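*Asks:* What follows is a predicted protein model with its sequence.
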Amino acid sequence: MSIQGELAATIEDLIQPGQGILAADESHPTIAKRFTAVGVESSEEKRREYRSLILSAPGLGEFISGVILFEETLGQNSLDDIPIPQLLENQRIVPGIKVDKGKKPLINAPGDEITFGLDGLDDRLEIFKNRGARFAKWRDVFHISDTLPSRQAVEANAEVLARYAALCQSMGIVPIVEPEVLIDGGHSIDRCADVSKTVLREVFIALARHRVQLEHMILKPSMVTPGKESAKATPEEVAEATISVFRQVVPAAVPGINFLSGGQTPEEATLNLNAMNCLGNQPWALSFSYGRALQEPAQKAWAGRLENGPAAQEAILKRARLNGAARAGTYSP
Ligand code: 13P
C-alpha cells in the first residue's frame, strides 16, 4: 500500500462512530504513580499483567478503535503469550505508540517546559512500525499562570510537535498531535479559553509550515475548563467554551478531535464529551483518547491481583461503553 493509502486506512479505522482511543501509554514514573494509588509496586511483570488484562477485555474492540502503547508494552506478550500488537489487531483495534521522550524545563523560560524526542525519531518510528504500530502520539504541555505560557514556549513546543507530525506522515504513521493545556491552577475558564486559542493557533501555523496533511492527523487536546482549584463548570459550560474556541482555530480538514481527560474524574470526562456531542454537528468527529478516565476504575478493581482480572475487564469495558455513547451524545447517567 502507498504511504497515502496507509494513512487514509488508519484514519478510517481510528475514527469510527461509537468508538474512541484508549491511552495506555503511561511512562514508568507515571504508571508507578497510578499503581501506588491502588497499593501495587510497579515492575515489568506487574505492568505486563495489568495491561495484558485490560487489553484482552472481551468486546473492547466494540468501543475502542485504537490503543496508545508505551514502548515496553509494544514488545511484550500477553498473559496468553500473544504479542500485544497482535492481541489488539485480533480485536480489530489499531496499535499505536507514544514516541515523545517526556518534558523538561525550557531554558530561559522559567516555569515553561519543552518536550524532547526528535533526535533519532526516524529510526525509532521504523522499529515501532515493524512491530505493528500504525499511529503515534507526542504530547506537549503548557502551564497556565498569570504569565505562563510564554510566547517562547508556545512557539518552541508548536515547532517540535509539527516536526514530529511531518516525520510520522512521511513514514505512513498517523500522528496524534497532543497540545495539553494543563488543568493545574486556580484560573478561570475564560483564561483557559484564551490560552487554548493561542496554543492551538500556533500549533496549526507550525503544522502548515511543515506541510502536515491535516486530513491524516488526529488532534488530542484538553477541554476548556476552569483550573482544578477553581469552582467547577457544568458540562454545558465546558462544551460551549471548548467548541467555541475550536471553531475559531481548528481547521475543518482535521477529521477527528480525541480529547484527553487530564485529571477530570471518569464521570466528568464522559459528561463533558457527551455535552459537546449534544451541541449539534461540528466539522470534526468529537471523541475521546482517555487514559485515567478509562482506566482508574479498572486499576482499583485489579489492585494487583490476577484473580481480579475479570472485574478489571468489566470496569474498563463499562467506561469504554459509556464514552462510546458520549461520542454520539446519547449518554445518560
Ligand atoms: P489522560 O486522559 O489521563 O489525561 O491521559 C491521556 C494522555 O495520553 C496524556 O498524554
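*Replies:* Arrived safely.
*Asks:* distance of the nearest residue to residue 192 once chain neighbours are set aside from residue 136?
*Replies:* Using CB to CB, 6 or more residues apart in numbering and skipping the chain neighbours, the partner closest in space to residue 192 is residue 224 (5.1 Å). Every C-beta, even on glycine, is put in place using the N, C-alpha and C of the backbone. Counting by CB to CB, to the nearest Å, the gap between residue 224 and residue 136 amounts to 25 Å.
*Asks:* Same check on residue 289?
*Replies:* Residue 289 is 13 Å from residue 136, by CB to CB.
*Asks:* what touches both of these two?
*Replies:* Listed as contacting both residue 289 and residue 136 by CB atoms under 8 Å, 6 or more residues apart in numbering are residue 176.
*Asks:* From residue 8, how far out is the residue of the chain found nearest the ligand?
*Replies:* Here the chain gets closest to the ligand at one residue, residue 291, 2.7 Å apart by CB to the nearest ligand atom. Separation of residue 291 from residue 8 (CB to CB) stands at 27 Å.
*Asks:* Likewise for residue 163?
*Replies:* Applying CB to CB, the value for residue 163 to residue 8 is 22 Å.
*Asks:* mind checking the SS state of residue 196?
*Replies:* helix (DSSP: H, G, I helix; E, B strand; the rest coil).
*Asks:* With residue 178 instead?
*Replies:* Here residue 178 is recorded as strand under three-state DSSP.
*Asks:* contacting residues for it?
*Replies:* 137, 138, 139, 140, 161, 219, 220, 221, 260.
*Asks:* just residue 281 next, same as before
*Replies:* Applying CB under 8 Å, 6+ apart, no residues qualify as near residue 281.
*Asks:* Am I right that it is in a strand?
*Replies:* No - going by three-state DSSP, the assignment for residue 281 is coil, not a strand.
*Asks:* Just the buried positions in the strand or helix carrying residue 206, please.
*Replies:* Residue 206 belongs to helix 189-209 when assigned by DSSP states H and E. Of the residues in helix 189-209, 189, 191-193, 195-204, 206-207 count as buried by neighbour count, 16 or more other CB atoms under 10 Å.
*Asks:* Kindly report the same for stretch 173-183.
*Replies:* So, applying 16+ other CB under 10 Å, buried residues of stretch 173-183: 173, 174, 175, 176, 177, 178, 179, 181, 182, 183.
*Asks:* From residue 288, how far off is the last one?
*Replies:* When you say that, I think you mean residue 183. Distance from residue 183 to residue 288, by CB to CB: 16 Å.
*Asks:* And the fourth one, by the same measure?
*Replies:* Distance of residue 176 to residue 288, given as CB to CB: 12 Å.
*Asks:* anything in contact with each of these two?
*Replies:* Between them, residue 176 and residue 288 share these contacting residues under CB under 8 Å, 6+ apart: 21, 258.
*Asks:* pLDDT score assigned to residue 16?
*Replies:* Looking at residue 16, its pLDDT stands at 98.
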